[in-house]
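Chemist: The sequence isn't on hand, but the structure is:
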């Protein structure tokens, strides 16, 4: 009879768990309250069936427990009962289905006045494109994608010139305006999901899919990739910020159009050489890095990476944490570079420096390290040569003591914890799979062999 | 209707033994082979059906270029395919003659029929392979275009099924030689014959769809809702 | 008719002589069944271990340095694939199908014993190829069990090279193996039934296995077709499923293909696959319930119809796995409707199981406990399916832990409940020994309560919006810290359940030696497999003469009968005859 007690307790327990559970849908921030209502309807109907069937079963087991002197009731079928049960079940099913279909019709038909925005997924970062003043998104094609044209903008379509390209993982939306997300993937399947909006949809390479919502509550919401897209799937995060008109406008003003991006001049290495004098004190004349000053080699680093890091130091995204002593030292240095032009110049100069192979300072088991590197190689390349498309810097040829400190900083959240640091945040999640110093040493020992 | 009536049986009501035997009289080995063949045909049918459905769906993407239509396309003039089709049709015909031989007890007709069927089937396979080489020499490679890919893929799958059929048939031929009795062959040879006819039918469908002109393909795709 | 073993005379079968022909290259369906069963359980244990590793990572992230993100995805993929295909499909159809079909319909063996043997060896090869992928460069594929292109064959996904190729090859071999076995099962059911065994007198187990096999024969080709096409995309550079894309910064040569096409093919197989697993389980649990409740299955005809209807409908619901895949959303209306319609026959089955208990005479044996556990977990899993099948609700819940919890409840826990019920139920027939009842009950309580403790809370992680297939959650604003506590408790329950399966293994192997002799028909069952002249049944099953069947398989508690059950092969008495004619 334990089973009867167990069944009853499980039913009661499930109900209690449900009522007491602090784990429930995150508060809604869009127009899709109808989805929540549909869930409630289904929950009540299925809940009643769950309780009724199982309690009835428990009762039957108790009432008709074994008695050798008794025979069971012989009744092959009972048409009337079965018909009734079929009818009632069908009604219940229809009651759940009908609201579902009605709401789905709303989802399929996007309001005509909805704004449009393109969301682009690529392994493992989000970017966005707004149609600009003309309200038309320019043509794109994956054949045009390259280092200077990550969005694959077609050079033949003038409508693309005023498109606003947002290479950040954060995008802003206007409150109370319906918005249609046009979803496009550059490589594999991804899924655009903002739990507070309730809707989600896959991004499929080779086609454009869509979802729509009207944000109704101001705030900053997580954007997640919810379709397995490879090793770093779980680090593919973004943010959607819902703004009032004023805040939205000021954000929009900071963004660059495609033609603005194209007109950025290349850096001037000669001008950059002058500013580099300050850097040379710690990082060395040849950008080779100096272990005594805890300064990593710069010559090995590509311009786009140095640019991003200098900006991060400048805007408090990196080096703001007190635990990151050496990062903090970089902040005033970075502030000496007045504007984007100065940063471009200095990176242009560093690009002319010839890197030299640093001295190995760390011992470990490169064989084990190779196994850890499997994961890292997806972004940083099989030879740790780095990959611009994934914004992953080269690791081979970098000072191992520096990499070690950065891995530890990532692990502890001293670097990469800031929400503006897309790739740093990925490294926080990644570095946590290295559990101790030994595994970091092994990994670096392997990198030293490359 | 029979199945529906069967499903309405009330098995708990006792039936007389005579009624039971009338409904079902015990195992039947010949029928078993036939049943298995039917299932095999169904499975093979499903495989080709699914391939063709995906072909139609895939044909609606812009990079698809049908293999017939324009003068430079290989199957605008399908005479080579008609020749191959004739070979396979001959195989079907001769195997049917061989089957007729077993029914009349004429062993030599049976042997001649089966041999000719094998001959024509092998010839068909060689001709198909030669067609591949021809396509390659014209620059229509497997990965050049989805239409090419499907052509190679489906002719290969069809060919593999024929080779499978030949293996089974060789087992049958072995038994002609072993038993020296044409009559015992009737049942298995009939199954082989059915299989050959079926594969001829599959080939005709493949022929019709894979080498159709773009208008036809688009019309078919539209009918399927792509 | 060479190789056809359905003649009545036993001497037409070649009795195996040596150890090798008897136990290794055996054509006896019972031996093949055990070979299938042991192999399936072996890979199943590997998959169980993989799930343990996954749970360790999820419950205690940042703790174990032997699980990194690529490993995790590989564990996820292999766990799913092994459990669905190589354990459940193989064990339910290859194992139980092989063992029970000939015995329950009164045949001496499968119709094509040689093909049957071949089926097992192909299955074994497919398992070996699958496991080989653990030892190749890059390891097994980590694309998820759905193997979606483009990621499955592109760098950035673990095992995109060797791993995925071996997986596709293994699946192709498995499909060949299944087809050989499946042809045998359907032909045997249709043509090798003994005298008097009409289709409607077959036990529901056979109906379930038969329908599932038909589904498998027609659905696996879709997987084969998609595997072949993906293999060509991978190796020869065709573009069936591969659009033009930029993989990790590199422009590839593919163009124009459609990833969604693959998903359609995959789920055209994948959804019937759910019922390939579920229908045999439905059938077996019906027989276990009837036997141990000492009552005829309630609404036998309705149960048969429901099996057939569910089987048929299962080919029209596949795209409910793809509501948010980017396919034309208008399909959602159709597939939501068909999906919810399929709930009706399924619900009727649940009612009939419960009504079988009603007014029964219930013996709470170990198989019965597992059968009750099945009803409970299946009801739960079926009802949560109504959430996901309803296209609107799928929007927030798809790709979250709600999905994981739902399909584990309905496709993991409940079929496994039936598998245990079935193993305990037929163990006396299989071995001639009784298992240890007390250990069986302990095993039941751990498994039943433990799995519920795993999967009930997991639904709530899903409501919360926690995404599946994430190596670690990291910090997300909408997920409270307490979710991690929930994850820990799930992991602990999972580990307990996992280790408690050792009790089962111990019981099975120790009872083999120490169990009490079971004797003939220890449960007092009516169906034919319990009426063999020898226990366990010998080669050829029935001694010199095939049994004659006179009645259906559910004559329990017949009024006026001497015992509370009447075996199928007992002739109808005159009084029954007159009573029956009066009723009719």
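Modeler: Sure thing, it's come through. Note that this is a predicted model, so its numbers are computed, not measured. Residues are numbered from 1 along each chain as shown, chains lettered A, B, ... in the order given.
Chemist: okay, CA-based contacts and neighbour counts for the rest of this
Modeler: Fine.
Chemist: Can you pull the residues of chain A lying near chain B?
Modeler: Within chain A, the positions near chain B by CA under 8 Å from any CA of the partner chain are residue A:76.
Chemist: Now do the strands in chain A.
Modeler: Taking DSSP state E as the criterion, chain A contains strands spanning A:115-122, A:125-130, A:164-166, A:170-174, A:179-185, A:190-193, A:200-203, A:209-213, A:219-225, A:237-243, A:256-257.
Chemist: Output those strands in a markdown table, with mean pLDDT and mean neighbour count appended to each entry.
Modeler: Shown next, in a markdown table, are the strands of chain A (pLDDT from 0 to 100; neighbours: other CA atoms under 10 Å in any protein chain shown):
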| stretch | mean pLDDT | mean neighbour count |
| --- | --- | --- |
| strand A:115-122 | 95 | 22 |
| strand A:125-130 | 95 | 22 |
| strand A:164-166 | 95 | 23 |
| strand A:170-174 | 95 | 22 |
| strand A:179-185 | 96 | 23 |
| strand A:190-193 | 96 | 28 |
| strand A:200-203 | 96 | 28 |
| strand A:209-213 | 96 | 24 |
| strand A:219-225 | 95 | 21 |
| strand A:237-243 | 94 | 21 |
| strand A:256-257 | 94 | 18 |
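Chemist: Out of those, which gets nearest to residue B:187?
Modeler: Taking CA to CA, strand A:200-203 is the member of the strands of chain A nearest to residue B:187, at 53.8 Å.
Chemist: what pairs with the closest one, and is each one parallel or antiparallel?
Modeler: strand A:190-193 (antiparallel) (DSSP bridges).
Chemist: Just give me how far the partner strand sits from the chain centre.
Modeler: Taking CA atoms, centre = their mean, to the nearest Å, one finds the center of strand A:190-193 at 9 Å from the center of the full chain.
Chemist: Next, format the strands of chain A as TSV and append distance to residue C:577.
Modeler: Converted to TSV, these look like this (distance: least, CA to CA, whole Å):
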stretch	distance to residue C:577
strand A:115-122	73
strand A:125-130	76
strand A:164-166	84
strand A:170-174	79
strand A:179-185	70
strand A:190-193	65
strand A:200-203	63
strand A:209-213	67
strand A:219-225	68
strand A:237-243	73
strand A:256-257	90
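Chemist: now for these, which one comes closest to residue C:347?
Modeler: strand A:200-203 (30.0 Å).
Chemist: Show me what that closest one is in contact with.
Modeler: Under the criterion CA atoms under 8 Å, 6 or more residues apart in numbering or on different chains, residues A:121, A:183-185, A:189-194, A:209-211, A:227, C:324-326, C:395-396 lie in contact with strand A:200-203.
Chemist: Ok, stretch B:184-203 next?
Modeler: Contacts of stretch B:184-203 (CA under 8 Å, 6+ apart): B:30, B:34, B:37, B:41, B:45, B:48, B:85, B:88-89, B:91-92, B:95-96, B:99, B:102-103, B:158, B:161-162, B:165, B:168-169, B:172, B:175-176.
Chemist: Please pick the buried ones from those.
Modeler: Buried subset of the contacts of stretch B:184-203 (neighbour count, 16 or more other CA atoms under 10 Å in any protein chain shown): B:34, B:37, B:41, B:45, B:48, B:85, B:88-89, B:91-92, B:95-96, B:99, B:102-103, B:158, B:161-162, B:165, B:169, B:172, B:176.
Chemist: Could you measure from whichever residue of the stretch 401-550 of chain C sits closest to chain B over to residue C:207?
Modeler: Closest contact between the stretch 401-550 of chain C and chain B, by CA to the nearest CA, is at residue C:550 (7.3 Å). Noted for residue C:550: a distance of 18 Å to residue C:207, by CA to CA, to the nearest Å.
Chemist: Among these two, which residue is more densely surrounded?
Modeler: Neighbours around residue C:550 and residue C:207, counted as other CA atoms under 10 Å in any protein chain shown, are more numerous at residue C:207. The numbers are 26 against 23.
Chemist: Report the rounded mean pLDDT for stretch A:334-353.
Modeler: Across stretch A:334-353, pLDDT averages out at 90.
Chemist: Next, the buried residues of it.
Modeler: A:334, A:337, A:341-351.
Chemist: Contacts made by it with the rest, please.
Modeler: Against stretch A:334-353 from outside (CA under 8 Å, 6+ apart): A:266-273, A:275-276, A:286-287, A:298-299, A:301-304, A:306-307, A:310-311, A:313-314.
Chemist: hmm, which of the residues you listed are the buried ones?
Modeler: Using 16+ other CA under 10 Å, the buried ones in the contacts of stretch A:334-353 are A:267-269, A:272-273, A:275-276, A:286-287, A:298-299, A:301-303, A:306-307, A:310-311, A:313-314.
Chemist: Could you give the separation of stretch C:199-209 from the chain centroid?
Modeler: Distance, centroid of stretch C:199-209 to centroid of chain: 17 Å (CA atoms, centre = their mean).
Chemist: Equivalent analysis for stretch C:201-216, please.
Modeler: With CA atoms, centre = their mean, you get 13 Å for stretch C:201-216.
Chemist: Against chain C, how distant is the residue lying farthest from the centre of chain A?
Modeler: Among the C-alpha atoms of chain A, the one most distant from their mean position (CA atoms, centre = their mean) is that of residue A:69, at 66.6 Å. Residue A:69 is 10 Å from chain C, where distance means CA to the nearest CA, to the nearest Å.
Chemist: do residue A:371 as well
Modeler: The gap separating residue A:371 from chain C is 9 Å, by CA to the nearest CA.
Chemist: contact partners of stretch C:18-29?
Modeler: With CA under 8 Å, 6+ apart, stretch C:18-29 has contacts from C:16, C:31-32, C:98-99, C:102, C:109-110, C:113-114, C:116-117, C:539.
Chemist: mind running it again at 6 Å?
Modeler: With CA atoms under 6 Å, 6 or more residues apart in numbering or on different chains as the contact definition, stretch C:18-29 has outside contacts at C:16, C:98, C:109, C:113-114, C:117.
Chemist: So which of those sit within helices?
Modeler: In this view, the contacts of stretch C:18-29 that belong to helices under DSSP state H are C:98, C:113-114, C:117.
Chemist: Highest neighbour count among the residues you listed?
Modeler: Neighbour counts for the ones in helices among the contacts of stretch C:18-29, by other CA under 10 Å, peak at residue C:98, which reaches 29 neighbours.
Chemist: Thank you, goodbye.
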